[in-house]
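Asks: Could you work out the structure for the sequence below:
(2 chains)
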There are 2 protein chains.
Amino acid sequence: MRPIGYVKSPYHETREVPRGLGAKHDTEGVLEILPEFETGLTDIEGFSHLFVLWTFDRSEGFELMGTPPSDNRPHGVFATRSPRRPNPIGLTVVELLRRESSRLHVRGIDMLEGTPILDLKPYLSSVAPEGLRRGWLAEAEARAGK
Amino acid sequence: MRPIGYVKSPYHETREVPRGLGAKHDTEGVLEILPEFETGLTDIEGFSHLFVLWTFDRSEGFELMGTPPSDNRPHGVFATRSPRRPNPIGLTVVELLRRESSRLHVRGIDMLEGTPILDLKPYLSSVAPEGLRRGWLAEAEARAGK
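Replies: Here you go, the predicted model:
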């Protein structure tokens, strides 16, 4: 695994990233792809949304159970977005605002400044909201009256 | 990076996986998580859909441009789901049908039998269809009259 680029983000510390119930994810940033991979971005500007795979490079070790910022109860790591995972890979859906050669301006950044990017993929389809169940998160929202 | 488990799939060869325009993705399979990670699945059964991150373990090298099965024109690798990526990580959204201890029965398998699983994450929200643009794929569908 090697970075294909790095995130330009306004966040320098984990505690700055909006988290928990009702957190907004409309922060803008830039995905700076390395020039050697720029050809791989061909036609990406036709997509409104992208999956970004990245590395939790400031996280160490993992915990199989943890209490997320959006709840006061512990859940299994694979049922959360905790950074302390067996394989520390992050996944974020961003909106692609515009491309400037190898720089992708995006909305929805929740990574820290300098985060290594592993991959980009086009977002092709959504799960229909009526078919979606959101487990403990929906329960936590209900308890919080959100 | 180490596997947290392996995919049980009816597909043994890449050519068996439905691909291209109009391909159905309702194949059932099992995500067999290693017993040492089972605790990390706690509460995962509350979610209807999961992101599965996995390794293209039968793919070698990468190509920055390639022609996907759903089009007859080449596109950049980051605008496609090609297995020949700089970091060979696959991403699939599956529907969680049921959990049997460390075995997750799912629908939507497009991985090969024995594929190493790197991570599971809950699918929490969808991009609204009215805000989604699907680039070259929408164009290819329009040309094919789909």
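Asks: Okay, now the unreliable bits of chain A?
Replies: Counting by pLDDT under 70, chain A shows low-confidence ranges at A:146.
Asks: Show me the helices in it, by range?
Replies: A:135-144 (DSSP state H).
Asks: Sheet-wise, list the partners of the longest strand along it with their directions.
Replies: Assignment by DSSP state E gives strand A:89-100 as the longest strand of chain A. When pairs are called by DSSP bridges, strand A:89-100 turns out to pair with strand A:49-55 (antiparallel), strand A:103-107 (antiparallel).
Asks: Could I get the CA-only coordinates of the longest one as PDB?
Replies: Translated: strand A:49-55. The C-alpha trace of strand A:49-55 is given here as PDB (Å, rounded to 0.1, in the frame of the first residue of the first chain):
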ATOM      1  CA  HIS A  49     -19.700  11.900  -5.500                       C
ATOM      2  CA  LEU A  50     -16.600   9.800  -4.800                       C
ATOM      3  CA  PHE A  51     -15.600   7.200  -2.300                       C
ATOM      4  CA  VAL A  52     -12.200   8.100  -0.800                       C
ATOM      5  CA  LEU A  53     -10.200   5.400   0.900                       C
ATOM      6  CA  TRP A  54      -7.500   6.600   3.200                       C
ATOM      7  CA  THR A  55      -5.300   5.700   6.100                       C
END
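Asks: So for it, what gets flagged as buried?
Replies: Within strand A:49-55, the residues scored as buried using 16 or more other C-beta atoms under 10 Å in any protein chain shown are A:49-55. Heads up, the C-betas are built off the backbone N, CA and C, glycines and all.
Asks: Look up how far B:Leu124 lies from the residue nearest the centre of chain A.
Replies: In chain A, the centroid-proximal residue (C-alpha atoms, centre = their mean) is A:Thr92; its distance is 2.3 Å. To B:Leu124, A:Thr92 is 12 Å away according to C-beta to C-beta, to the nearest Å.
Asks: How far off centre is stretch A:81-91?
Replies: 10 Å (C-alpha atoms, centre = their mean, to the nearest Å).
Asks: send the alpha carbons of it over as CSV?
Replies: The C-alpha trace of stretch A:81-91 is given here as CSV (Å, rounded to 0.1, in the frame of the first residue of the first chain):
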residue,chain,number,x,y,z
ARG,A,81,-16.4,4.2,12.1
SER,A,82,-13.8,4.1,14.9
PRO,A,83,-10.2,4.9,13.8
ARG,A,84,-8.9,2.1,16.0
ARG,A,85,-9.5,-0.8,13.6
PRO,A,86,-7.6,-4.0,12.8
ASN,A,87,-6.8,-2.4,9.3
PRO,A,88,-6.8,1.3,9.8
ILE,A,89,-8.5,2.3,6.6
GLY,A,90,-11.0,5.2,6.5
LEU,A,91,-13.8,5.6,4.0
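Asks: outside of that stretch, which residues touch it?
Replies: Defining contact as C-beta atoms under 8 Å, 6 or more residues apart in numbering or on different chains, one finds that stretch A:81-91 is touched by A:14, A:51-63, A:66, A:68, A:77-78, A:111, A:115, A:118, B:1-2, B:4, B:37, B:40, B:51, B:53, B:89, B:91, B:118-119, B:121-122, B:124.
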